[in-house]
Each structure stands twice: as C-alpha cells, then as structure tokens.
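1. next input, structure requested:
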Amino acid sequence: MACRIGELVLGCREPEVLARFWCEVLDFVVLDREGDDCVEIGPREGFGGPQPTIILSRRDEPEPGKARLHIDVNPTDRDQDAELARLLALGARPADIGQTGEEQWHVLADPEGNEFCLLKARIDPV
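-> Got it, this is the predicted structure:
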C-alpha cells in the first residue's frame with residue numbers, strides 16, 4: 001500500500017481571494033472554512049476523491065526563500081491558448097523564471113505571486 005496526496009496546503013495573505021481564483025481555475029468549490037484564517041477547496045465530490053483538496057492558510061509574512069512546490073495545470077476542455085487567455089482574465093499573470101520561450105508550457109503567477117505552470121497537453125477532466 002502506498003500513500004496518496006489528500007491535501008495540499010498553501011500559505012497566503014488572503015485565503016478568500018486565492019480560494020476564488022483557484023476555484024475558477026480548477027472548477028473546485030469551497031469545502032470548508034475555519035474563520036478568516038483557512039479555506040479548503042476541492043472537487044465537488046469533496047475530500048477523498050481522486051484529486052487532492054487545497055487548503056489556503058493565512059500567513060501574514062511570506063516564508064523566506066523560493067517556494068519549493070508549485071502547481072502544474074492542464075487544460076481539459078479547450079486548447080492551451082484558450083486556457084491561457086481564461087487564466088489571465090481570472091487574474092493570473094505571466095511570470096519570468098528564465099524561460100527561453102521555446103517551452104511547451106506557460107509559467108504564471110496567481111494573484112499573490114505563487115508560480116504555477118499551464119501545460120500543453122489536454123487531460124480528461126475526471
């Protein structure tokens with residue numbers, strides 16, 4: 001038996017703002033709230049399904065150093081260019097981490113500057 005990722009925890013200044021952003025990006029819903037300090041989002045079927053949930057936990061000060069984990073997302077119902085346009089309209093912005101321009105992915109940042117990548121390959125939404 002192996003482990004499986006059940007939750008990802010992301011420290012942030014404004015959990016509600018990032019919850020709205022990531023719910024739109026991933027077609028997730030808010031599953032739980034703990035006051036103003038913590039919002040858990042995930043797939044509509046809730047915790048324990050094939051996808052991990054994301055806990056957005058308030059941190060007043062960013063942790064020092066570069067984040068060691070980032071999220072990669074794949075389009076499901078449109079091509080990469082259309083999904084890029086959608087993500088930018090939601091508040092993502094391009095992030096420069098030294099790409100050459102030849103990559104098959106786009107590096108973006110969420111509204112708080114957390115980097116994530118939009119990959120080229122489409123995958124099944126389930």
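2. got the phi/psi numbers for the nearest residue to residue 57 once chain neighbours are set aside?
-> In space, and not counting its chain neighbours, residue 57 is closest to residue 38: 5.1 Å by Cβ to Cβ, 6 or more residues apart in numbering. To be clear about C-beta, it is placed using only N, CA and C from the backbone, and glycine gets the same treatment. Taking degrees, to the nearest 10, you get phi -150, psi 130 for the backbone angles of residue 38.
3. quick one: pLDDT of residue 38?
-> Here, the pLDDT recorded for residue 38 equals 95.
4. please apply the same query to the one 3 residues further on.
-> According to the per-residue confidence, residue 41 scores 97 in pLDDT.
5. that one touches residue 52, doesn't it?
-> No. Between residue 41 and residue 52 there is no contact under Cβ atoms under 8 Å: 10.5 Å.
6. for residue 88, what is the enclosing helix or strand?
-> Using DSSP states H and E, residue 88 sits in helix 80-90.
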